[in-house]
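# what shape does this take:
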Amino acid sequence: MEKPSASAIVDKMYEDDLFSKWLGIDILEKEIGKSKLVMTIREEMVNGFGVAHGGITYSLADSALAFASNSQGRESMSIETSISHTKPCHAGDVLTAEAVEESLSYKIAVYHISVKNQNNETVALFKGTVYRTSKNWVL
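Residues are numbered from 1 along each chain as shown. Predicted coordinates:
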């Protein structure tokens, strides 16, 4: 059986990912070990301070992590993540998350995800470690 492409894996994941769809995420790039996503902050995503809830940028980055790590062809899931919010985001802001693989071993991989706004300003930095199962993606 032929190994599915990174693009096919990400497409299948997104097809079943109701949360990423609810966020309004669009996939810009899907390569082995990389992904690039974009979304717009909506009014219902802001908190009592009028800025986007931290969970919104976290969720965007987490989706980028999931797509990038699974694109390698093995089912992978996060085991540790962290985020630093560097600038506030507001309703109407367009955020782009780019995941890049930093380290890959048989069972563990590490990714760095930068989240930038429409002005190319970094609004969050995310680091994710995933566990790579022995189960290959089959489509």
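# which non-adjacent residue is nearest the residue of the chain most remote from its centre?
Distance from the C-alpha centroid of the chain, by C-alpha atoms, centre = their mean, peaks at Met1 (28.2 Å). Nearest residue to Met1, sequence neighbours excluded (C-beta to C-beta, 6 or more residues apart in numbering): Val138, at 6.8 Å. For every residue, glycine as well, the C-beta is placed using N, CA and C.
# ok, that neighbour - how many residues close by?
By the criterion of other C-beta atoms under 10 Å, Val138 has 12 neighbours.
# residue contacts, Ser114?
Contacts here follow C-beta atoms under 8 Å, 6 or more residues apart in numbering; on that basis Ser114 touches Ala97, Glu98, Thr122, Ala124, Leu125, Phe126.
# that one: which element?
Using DSSP states H and E, Ser114 maps to strand 108-116.
# that strand pairs with which strands, parallel or anti?
strand 94-104 (antiparallel), strand 122-136 (antiparallel) (DSSP bridges).
# quick check: nearest residue in space to Ile9, chain neighbours excluded?
Spatial nearest neighbour of Ile9, excluding adjacent residues (C-beta to C-beta, 6+ apart): Trp137 at 5.0 Å.
# which parts of the strand holding Ser114 are buried?
The neighbour-count check on strand 108-116 (16 or more other C-beta atoms under 10 Å) flags Ala109, Val110, Tyr111, His112, Ile113, Ser114, Val115, Lys116 as buried.
# pLDDT wise, what is the first one at?
Taken from the predicted model, the pLDDT recorded for Ala109 is 98.
# repeat for the fourth one
pLDDT recorded at His112 is 98.
# surely it and Leu125 touch.
Yes: assessed by C-beta atoms under 8 Å, His112 is found in contact with Leu125 at 7.4 Å.
# coming back round to it: just the CA atoms of the strand holding Ser114, as CSV, please.
Only the C-alpha atoms of strand 108-116 are listed here, as CSV (Å, rounded to 0.1, in the frame of the first residue of the first chain):
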residue,chain,number,x,y,z
ILE,A,108,9.3,12.2,19.4
ALA,A,109,9.2,15.4,17.2
VAL,A,110,9.4,19.1,18.2
TYR,A,111,7.8,21.9,16.3
HIS,A,112,8.0,25.7,16.5
ILE,A,113,5.0,27.7,15.4
SER,A,114,5.0,31.4,14.9
VAL,A,115,1.7,33.3,14.8
LYS,A,116,1.7,36.7,13.0
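# I appreciate the help and will end here.
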